[in-house]
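1. what's the 3D shape of this:
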Amino acid sequence: MTEPDVEGLQRRLAEFAAARAWQPYHTPKNLAAALSVEAAELLEIFQWLTPEEAARVMDEPDSAHRVADEVADVLAYLLQFCGVLGVDPLRALSEKIDRNEIRFPVGRPPGRARHPDRHSSE
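-> A predicted model of the protein is given here:
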């Protein structure tokens, strides 16, 4: 079995949706809403856990399975969203990291981002 790649997974998701005639429902708005719901379901697993319990969530098979399923749901909707809008998610992430490296230089105190649209004496 070969390792999955982003394009292959996007193709499989599109084929899955097409086989069920779901494309009319896979609008950017609907996919963004579904992504938000699935992210909330992931958060729900951790909602009342202490930081220590949350760090051990993958030690318990049942909770590990729930986390993995919700991660898969979040990723599935994100990849479908990107596919519909033509966003390359890996390129978008790489470019965002590049911008954040400029906004948050090493050694700057936390919470002190450089805002390119604001004038400052820095």
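
2. low pLDDT regions in the chain?
-> In the prediction, the chain carries residues with pLDDT under 70 at positions 111-122.

3. Can you show me the helices along it?
-> Ranges of helices within the chain are 6-19, 28-46, 51-55, 61-85, 89-103, based on DSSP state H.

4. Show me what the shortest one is packed against.
-> Going back to what we said before, that points to helix 51-55. Applying 3 or more Cβ pairs under 8 Å, 6 or more residues apart in numbering; DSSP states H and E, we find helix 51-55 packed against no helix or strand. (Each C-beta comes from the backbone N, C-alpha and C, glycine too.)

5. Check the longest one too.
-> Identification of packing neighbours for helix 61-85 by 3+ Cβ pairs under 8 Å, 6+ apart yields helix 6-19, helix 28-46, helix 89-103.

6. Out of the ones you listed, flag the one nearest residue 70.
-> Distance to residue 70, taken as Cβ to Cβ, is lowest for helix 28-46 among these, at 3.9 Å.

7. I'd like to check what contacts the closest one. Which residues are they?
-> For helix 28-46, the surrounding residues in contact (Cβ atoms under 8 Å, 6 or more residues apart in numbering) are 54, 57, 63, 66-67, 70-71, 73-74, 77-78, 80-81, 84-85.
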